[in-house]
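Q: following is a predicted model, sequence given first.
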Amino acid sequence: MKDEQIIQRTEKDYIRIQNALQKKIKFQNISNILSIKKVAGIDLAYWNIENKEYAVCCIVVLEKESKQVIEVKYTLGRINVPYIPGCLAFRELPLILETIKKLETSPDLFMFDGNGYLHPRHMGIATHASFYINKPTIGVAKNYYKIENIDYIMPPNEKNAHTDIVIKGEVYGRVLRTQKNVRPIFISVGNYIDLDSATTIVCDFINSESHIPIPTRLADMETHKIRRMQEMNDNFF
């Protein structure tokens, strides 16, 4: 992929790029999930300073078996691409790719706080980013992205219970209740993985502290920490 595809363009340009990439999505069963040793969680946080928008991207890499943090990296930057519904990836990719370059380890899989295939053109951030990082990706969203005015079916109130999100006969994602008596989360394939494998991996990263998988939860916590540091430091940039 060329970096020129993620610079500021028109909405029509963004949609054209998404439609072209959509044809290259590959659902792949990860038959040996044990081969995945390191998993990275990615999240971003935004804020405004004097009518200018900034963001921080944080990546937390964990060892899958022990769930121990291997490394944490972040990148701060100005956001120049305006918010366009369905085109969020074009705002976030530059900071994500810059942060990935800083990693000293090579994750086997990337887990995003956001959607992947659960998107009007199947090109949420987890899917779009996969074409640049060439690794399996999973989208894990805390809120439901309604498409075609289709509501999801709430899964039973049991740990790891789930229902599929089906739109016009196609499975876009999965509603997953990771623990009893908690709100569900919304899983979707990013790329180079299938939905069942993605669900298994997400469930493996749930602990008693939260219904959100550890990689994206820690990445979210890091973004808020960096944002608070910025708010206390006028010369942060």
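A: Received it, and whenever you're ready, just let me know what you need. Just so we're clear, the structure is a prediction, and the values are computed from it rather than from any experiment.
Q: how long is stretch 99-117 end to end?
A: 23 Å (C-alpha to C-alpha, to the nearest Å).
Q: same question, stretch 176-195
A: 11 Å.
Q: please compute how far that stretch lies from its chain's middle.
A: Relative to its parent chain, stretch 176-195 has a centroid offset of 12 Å by C-alpha atoms, centre = their mean, to the nearest Å.
Q: which of the residues in that stretch are buried?
A: 176-179, 184-193, 195 (16 or more other C-beta atoms under 10 Å). The C-beta positions use only the backbone N, C-alpha and C, and glycine is treated the same way.
Q: what is the neighbour count of residue 72?
A: Neighbour count for residue 72, taken as other C-beta atoms under 10 Å: 15.
Q: secondary structure element holding it?
A: Following DSSP states H and E, one finds residue 72 within strand 69-78.
Q: what's the next helix-or-strand element following that strand in contact with?
A: Note on strand 69-78: by DSSP H and E, the next helix or strand toward the C-terminus is helix 89-102. Applying C-beta atoms under 8 Å, 6 or more residues apart in numbering, the contact partners of helix 89-102 are 3, 6, 8-9, 14, 42, 44, 55-59, 73-77, 79, 81-84, 123-125, 128-129, 132-133.
Q: ok, for the residue positioned nearest the centre of the chain, nearest residue in space, not its chain neighbours?
A: With distances taken as C-alpha atoms, centre = their mean, residue 112 lies nearest the centre of the chain, 1.8 Å away. Distances taken as C-beta to C-beta, 6 or more residues apart in numbering put residue 126 closest to residue 112, at 4.1 Å, once the chain neighbours are dropped.
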